[in-house]
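# could you look at this predicted model? Sequence included:
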Amino acid sequence: MAEQDGHKPKDVSAALQRLTKAVGSLESSVERRMHVDRSLNGLQEDLQRLSEDRSRLANDLDKTEARANRLEGANKDVSRRLVSAMETIRSVLDTHEG
């Protein structure tokens, strides 16, 4: 082949190979970056969902604890009333037996 514009065909071919290799590397890097970005977006979405779930669960837990406290109070009140009723019944039985 003939030399054109002061460049040897061999030099142009080598430069073209280097350029092709560099473009290939760039494309690979872009694909990897796009994959990482998609993964990151997925992780961010997962984190958002987990945060929402945590908030909902914390709210549910607060409601459940409040209900448990109300039930405990009601249980203590019923227990006091039962003890009082039993004492009244014993008193009435003692009075009528004697």
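Okay, I see it.

# counting neighbours, what do you get for Val12?
Using other CB atoms under 10 Å as the criterion, Val12 is surrounded by 14 other residues. Quick note: C-beta positions are derived from backbone N, CA and C, even for glycine.

# one more: Met86?
The local packing of Met86 (other CB under 10 Å) involves 10 other residues.

# SS state for it?
With DSSP: H, G, I helix; E, B strand; the rest coil as the basis, the three-state label of Met86 is helix.

# all helices of this structure, in order?
For the chain, helices defined by DSSP state H occupy the ranges 9-97.

# give me the below-cutoff pLDDT ranges for it.
When the per-residue scores of the chain are filtered using pLDDT under 70, the ranges that remain are 1-7, 98.

# one more time with 80, if that's ok
Per-residue confidence for the chain (pLDDT under 80) gives these ranges: 1-8, 98.

# and Gly24, what does it touch?
With contacts defined as CB atoms under 8 Å, 6 or more residues apart in numbering, Gly24 is in contact with no residue.

# just want the most central residue of the protein.
The residue at the geometric middle of the chain, judged as the C-alpha nearest the mean C-alpha position with CA atoms, centre = their mean, is Leu50 (1.9 Å).

# quick one: that residue and Ser29, what's the gap?
Applying CB to CB, to the nearest Å, the value for Leu50 to Ser29 is 31 Å.

# and for Asp62?
According to CB to CB, Asp62 and Ser29 sit 49 Å apart.

# next: Ser84.
When distance is defined by CB to CB, Ser84 is 81 Å away from Ser29.

# what about Ile10, neighbour count?
Just so we're on the same page, residue 10 is Lys rather than Ile. Lys10 has 10 neighbouring residues, counting by other CB under 10 Å.

# what's the answer for the one 10 residues further on, then?
Around Thr20 there are 10 other residues, counting by other CB under 10 Å.
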